[in-house]
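Peer 1: would you be able to build a 3D model of this:
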Amino acid sequence: MLRRALVPATHQAYRPARVLSSRAVPRRQRQWTGLFSLPQRHVSTSPDLADKTAKDLPRFQEWDANGVFSPKLWFFTKFNIFTVLHSAWPEVPAAYDIPEFLDEAKKAMESILTTIYSSEFFNAAIDSSIENDKLLFLHDIMSPQCVQTFIDGFRALHENGVTGFQLTELKIKGCHLQAVDLDDDQVKIQLHVLFFTEEHVTTTGNIDGKEVKEMSTRDDQCTWVFESELEEPIKWIIVAI
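Peer 2: I've put the predicted structure just below:
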């Protein structure tokens, strides 16, 4: 069971379907529980944790002022997230460096989107006998369910005449911490990251035997979930998109 610093129901992020898939990524079969509704025994009231969090208040204020947290969150939820981060790393004087993590999350998104729009991945997606570096890279950084979602989406599009994609420009307009999940044993943690993006994509297809190209621009917002064991070294895997 995991506990989460939850987004209030009226402030949940809208999650539109991504271009390459009409399916939601299968979630791992775990029970998710809101921190607000947990029995008291699950909520840490340690004086040491409270003191540690209070002493780190300037960092929280800096994060809040710099847009580290999702703009969809209430102030109390942001501070709740901050407290859970301190609980996850009790031996560390300051909370995990989320601004640095978000910078790496943006790099991960850029690498993943560049990869899935490549011809190498498209070929591997439509032909299961192909295994190349692009496919191996995705399997190294994402869960098998996430990779399979992209593969299924590409295969469906190929059956409808699509022959390839080219990502000509990607703008990540925003990258914010949306929620935190921490298991009761403090073994694993999940960080939910809200992205605001603008994608410029050229799609190549075949209609009635004639090759056509279509350029499109999409403004999107989506939440990706990064998971890691809490033991060093921290290695983040994307388990939901």
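
Peer 1: from now on I want contacts and neighbour counts done on CA atoms only, so please keep to that.
Peer 2: Will do.

Peer 1: quick one: the strands in the chain?
Peer 2: 2-5, 32-34, 162-183, 188-207, 210-229, 237-240 (DSSP state E).

Peer 1: residue 155: which of these is closest?
Peer 2: Closest approach to residue 155 among the strands of the chain is made by strand 162-183 (9.1 Å; C-alpha to C-alpha).

Peer 1: the top helix by length along the chain packs against which elements?
Peer 2: Longest helix of the chain, by residue count under DSSP state H: helix 98-116. Contacts defined by 3 or more C-alpha pairs under 8 Å, 6 or more residues apart in numbering; DSSP states H and E place helix 98-116 against helix 133-141, strand 162-183.

Peer 1: between strand 210-229 and the shortest one, find me the angle.
Peer 2: Translated: helix 133-141. 30 degrees (axes from the mean of the first three to the mean of the last three C-alpha atoms, to 10 degrees).

Peer 1: now helix 133-141, how far from the chain's geometric center?
Peer 2: Distance of helix 133-141 from its chain centroid, counting by C-alpha atoms, centre = their mean, to the nearest Å, is 17 Å.

Peer 1: tilt between it and helix 98-116?
Peer 2: 150 degrees.

Peer 1: what packs against helix 133-141?
Peer 2: Using 3+ C-alpha pairs under 8 Å, 6+ apart: helix 133-141 touches helix 98-116, helix 119-126, strand 237-240.

Peer 1: can you add mean neighbour count and distance to residue 54 and give these back as a markdown table?
Peer 2: Shown next, in a markdown table, are the helices and strands packed on helix 133-141 (neighbours: other C-alpha atoms under 10 Å; distance: least, C-alpha to C-alpha, whole Å):
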| stretch | mean neighbour count | distance to residue 54 |
| --- | --- | --- |
| helix 98-116 | 16 | 17 |
| helix 119-126 | 20 | 48 |
| strand 237-240 | 21 | 31 |
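
Peer 1: any idea of the angle the longest helix of the chain forms with strand 188-207?
Peer 2: Using the same axes, to 10 degrees: helix 98-116 against strand 188-207 is 30 degrees.

Peer 1: that older thread, what's the most buried one of the helices and strands packed on helix 98-116?
Peer 2: Mean neighbour count (mean count of other C-alpha atoms under 10 Å) peaks for strand 162-183 among the helices and strands packed on helix 98-116, with a mean of 19.

Peer 1: what packs against it?
Peer 2: Taking 3+ C-alpha pairs under 8 Å, 6+ apart as the contact cut, strand 162-183 packs with strand 2-5, helix 75-88, helix 98-116, helix 119-126, strand 188-207.

Peer 1: just to revisit the earlier point, for residue 132, which of the strands of the chain is the nearest?
Peer 2: Comparing those by C-alpha to C-alpha, strand 162-183 comes nearest, at 16.6 Å.

Peer 1: now residue 163, nearest residue through space, not along the chain?
Peer 2: Using C-alpha to C-alpha, 6 or more residues apart in numbering and skipping the chain neighbours, the partner closest in space to residue 163 is residue 205 (4.9 Å).

Peer 1: what's the neighbour count on that neighbour?
Peer 2: By the criterion of other C-alpha atoms under 10 Å, residue 205 has 20 neighbours.
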